[in-house]
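> Okay, predicted coordinates and the sequence, questions at the end:
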Amino acid sequence: MLTIDKTETYGWEAAIRGMRNPMNSWDKSDSEHICESCEDPWGGTGYIFDTNMVNIGPNDLNLMKRLRNAGTDHRKYMRMITIYCDITAPLYWWKEFDTYKVGTVANSCSTMHKIQAKEFTIDDFSHEHILQETFTGLVNPETLLNGIVDALNQNRKLYLQTKDKKYWWQMIQLLPSSYNQKRTVMMNYEVLANIYKSRKNHKL
């Protein structure tokens, strides 16, 4: 399971402006930066742009594509476009995502502090590929996962009753890597391009 929502992007106006600095070609810029409120609410002299209302013109788009194709040394504007989003994914997916620590920031839901906050259910785990049938001599995978969920809930109940940390440890160390965790992530377009190039055919 993987969900991405609450996506926001910022920095388009500055990225387009900066992209044209090397050749002093600002007069060729044809993007429209639609401003809902051009007054700085903090009393400064800057402008507050609604970045979801930027219409990129054909001249700017053409230059963006040419700089992108010229490689990382030339497409610095991509590092100036920032993305925020909420991603919910299993822990085994997050281990792969953590390869891209450069240029990213993430705040995750905490298993350390909140693992006991709610009762565990099967839907707290990515289980869409778990087999329901049993093969000769093998444990049924679905039965095994349900048993782990039951064990987590038993230890959760004991921890809430006693506050004894030994039951908390049972939850932490029994928690499967299929457990879904939500993180609010900040990254930029260069990081996204690297993720796409490296991982578009990845088995996950």
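In hand now; what should we look at?

> Low-confidence stretches in the chain?
In the predicted model of the chain, residues 35-53 satisfy pLDDT under 70.

> what are the ranges of the helices in it?
For the chain, the helices defined by DSSP state H cover 12-19, 58-70, 91-97, 111-114, 141-162, 165-174, 189-199.

> Go through these and pick out the most buried.
Highest mean neighbour count of the helices of the chain: helix 12-19, a mean of 19 (counted as mean count of other CB atoms under 10 Å). For every residue, glycine as well, the C-beta is placed using N, CA and C.

> Using JSON lines, lay out the helices of the chain together with distance to Thr3.
Converted to JSON lines, these look like this (distance: least, CB to CB, whole Å):
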{"stretch": "helix 12-19", "distance to Thr3": "25"}
{"stretch": "helix 58-70", "distance to Thr3": "28"}
{"stretch": "helix 91-97", "distance to Thr3": "11"}
{"stretch": "helix 111-114", "distance to Thr3": "18"}
{"stretch": "helix 141-162", "distance to Thr3": "20"}
{"stretch": "helix 165-174", "distance to Thr3": "24"}
{"stretch": "helix 189-199", "distance to Thr3": "17"}
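
> Quick one: closest of those helices to Tyr77.
helix 12-19 (4.0 Å; CB to CB).

> contacts for the closest one?
With contacts defined as CB atoms under 8 Å, 6 or more residues apart in numbering, helix 12-19 is touched by 26, 29, 31, 33, 49, 51, 54, 56, 60, 63-64, 67, 76-78, 80-81.

> tell me the contacts of the nearest residue to Cys85 once chain neighbours are set aside?
Take Cys85 and drop its neighbours on the chain: the residue closest to it by CB to CB, 6 or more residues apart in numbering is Thr7, 4.3 Å away. Shown in contact with Thr7 (CB under 8 Å, 6+ apart): 83-85.

> from those residues, which ones fall inside strands?
Of the positions in the contacts of Thr7, 83-85 sit in strands, assigned by DSSP state E.

> are any of those buried, and which?
The neighbour-count criterion (16 or more other CB atoms under 10 Å) marks 83, 85 among those as buried.

> Asn146: which of the ones in strands among the contacts of Thr7 is nearest?
Cys85 (31.8 Å).

> Surely the closest one is in contact with Lys6?
Yes. Here Cys85 reaches Lys6: they are 6.0 Å apart, a contact under CB atoms under 8 Å.

> Spit out the residues that contact these two alike.
Joint contacts of Cys85 and Lys6 (CB under 8 Å, 6+ apart) are Thr184.

> Please tell me how far the closest residue to Leu152 other than its chain neighbours sits from Ser110.
Spatially, and ignoring its direct neighbours in sequence, Leu152 is nearest to Phe120 (4.6 Å; CB to CB, 6+ apart). Phe120 is 16 Å from Ser110, where distance means CB to CB, to the nearest Å.

> Check Asp98 too.
As for Asp98, its distance to Ser110 is 16 Å (criterion: CB to CB).

> Brilliant, that's me finished.
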